[in-house]
Each structure stands twice: as structure tokens, then as C-alpha cells.
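>>> need a 3D model of the following:
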Amino acid sequence: MAKKLLNGRCSVAALLVALLVTGCVTTTDNRFSREADRQKAVDNYVELASAYIGQGNIERARHHLDRALEIEPNSPQALAALGLIYNADGESELAEENFKKAISKDSGYTRARVYYGAFLYSKQRFAEARDQFSAASRDTSYKDRGSVFYNLGMTQERLGEQDDAIVSYRRASELTRGDARSLLSLSRVMVESGDVAGAKRYYDRLLLIMQRNLNLQHSPESLFTGIRIARYSGDRNQEASLALQLKNKYPESVEYQQYKALIAND
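Model (predicted):
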């Protein structure tokens, strides 16, 4: 609907001003004569492209990014989004090239670091991913900073940096006001590190959130984490309740096999 309206307006303009025969949008249009207008246009194209990427419509996304790069070939926003498209197409080298180029054009463009960090994590290049997420976490103005700390915690876990992961997960839970994902990861790593009392505090917060939000359901990970906390805390009733749920809902899960191995050692 919006597209038809835009085309209609262009047709009216062509009728009223016969000399304007070059079409609706050209890169030489004086709307782009000022840098602010150029940047606004680039931002709009990148925003549209990002929305299409989120919907899985890669071709439409690529079209809008091409328009953005016509206006500003070195736009870090467009280059970072183009990296996502190349990654979706399985072009890993081109994806990394664009992520790096986006960061080189603007080292303070945090979203490019987040994209690149996620790319590196997917390639199991955890130390490099950690460095990108760590740099991104220092941007206090970044809107989704809680997710950055969560991603940082995940990479630190994979690198065996448990203490650092706890710090990152705790910061993620603070910034997200108690996001269930962050609380679960934090309680799991804390119980693994031996801080059962600390793990229980965060796990109890997780259970409270789940009680208030019926859309949240236990996963094998959350059940097994709760079982371990209850077991080490001596709460046999809680352990039995969670173990029964794990057995009934996820009998084929890795966590249920871990639980059976745990009780076999009694």
C-alpha cells in the first residue's frame, strides 16, 4: 500500500513539473545534497533491509542495501548488514570481510561488533568472539547491552573462564531486569562453580518469573540445574519434583542421562 502511494506521488509530480523526467529517486537528487539527508536515506534503507533480513527475505534486503551503498559505499551500517546476508548465503569469507570493513570504518559502531562476534562464535572462534563482545559491552548507549553481556558470558564459558562468565551473566540479568535466560545461565554456572547458595538465589528468581508468566516452560537445562541445586541444598522434595518432570517431559535428553548418572553415584 505504501509503495503504491509513493508511485502515485511521483506520477503527480511528473505531470505538474514536465521538466522532471528522471524518475522518483536518483542519487543526484538534491535531497541528498546535504550530508544529513544522505545519512538519513542510508539509515532508512538499512532499517528496511534489517527488517527483511529478520523475515528471511534476503533478496528484498539485498535490494535496499544496494541502494544504501549507492549513496554511501563505506556505510558501516550497510556493510555490517551485508555481512549478515553473505553469512545467510553461506559466503563466510565475504561475510567476515564486510564485518571487518564495517568496524574499520567506524570502530564505535557496536552493532557491527555484535554481528561479527556472533559470526565468530558460530565458527567456534571463541577467543575472537569474546574480544568483539567485550568491546561491544563497553558501549553504555547500546540499546541491547544485556544481550551483549549474555553473549560474552557464553563465549567465556566455552573458553573455561567460569568466573568471568558469572560476572557477565550477572550483568546481563541486571540490565534485562531479570531475563529468564540470563538467570538460568547464571544459576547453572554458579552451581557448577560450587556457589550453591548464590545459584539458589538466582534460580528462585527464575522460578518466580516462570510462575508469573505461564508462557515460560521448563527446559531440560532448567530442570537439571534445579535438581542439582536442590540436591546440594538437601531439599529432597524439590529434587524429586523436578526429577519427575525431567523424566516425564524429556526422557531422551542429555540432562536426564546426566541425572541418572548423578544418582547412580549415590
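>>> just for the chain, where's the confidence low?
Residues of the chain meeting the criterion pLDDT under 70: 1-33.
>>> tell me where it has helices.
With DSSP state H as the criterion, the chain has helices at 2-16, 35-55, 58-71, 76-88, 92-105, 110-122, 126-137, 145-158, 162-175, 180-192, 196-212, 220-233, 236-249, 254-264.
>>> how about the third one: buried residues?
By neighbour count on 16 or more other Cβ atoms under 10 Å, the buried set for helix 58-71 is Ala61, Arg62, His64, Leu65, Arg67, Ala68, Leu69, Ile71. Glycine gets a C-beta too; all of them are placed from N, C-alpha and C.
>>> check which helices and strands that helix sits against.
The contact analysis (3 or more Cβ pairs under 8 Å, 6 or more residues apart in numbering; DSSP states H and E) places helix 58-71 against helix 35-55, helix 76-88.
>>> go on, the fifth one?
If contacts are counted by 3+ Cβ pairs under 8 Å, 6+ apart, helix 92-105 sits against helix 76-88, helix 110-122.
>>> check which residues of the first one are buried.
Neighbour counts using 16+ other Cβ under 10 Å place Pro76, Gln77, Ala78, Leu79, Ala80, Ala81, Leu82, Gly83, Leu84, Ile85, Tyr86, Asn87 of helix 76-88 among the buried residues.
>>> now it, how far from the centre of its chain.
15 Å (Cα atoms, centre = their mean, to the nearest Å).
>>> sorry, back to before: any chance of the helices and strands packed on helix 92-105 in a markdown table with distance to Asp131 as columns?
Output for the helices and strands packed on helix 92-105, formatted as a markdown table (distance: least, Cβ to Cβ, whole Å):
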| stretch | distance to Asp131 |
| --- | --- |
| helix 76-88 | 17 |
| helix 110-122 | 8 |
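>>> what's the closest of those to Gly194?
Closest approach to Gly194 among the helices and strands packed on helix 92-105 (Cβ to Cβ): helix 110-122, 26.7 Å.
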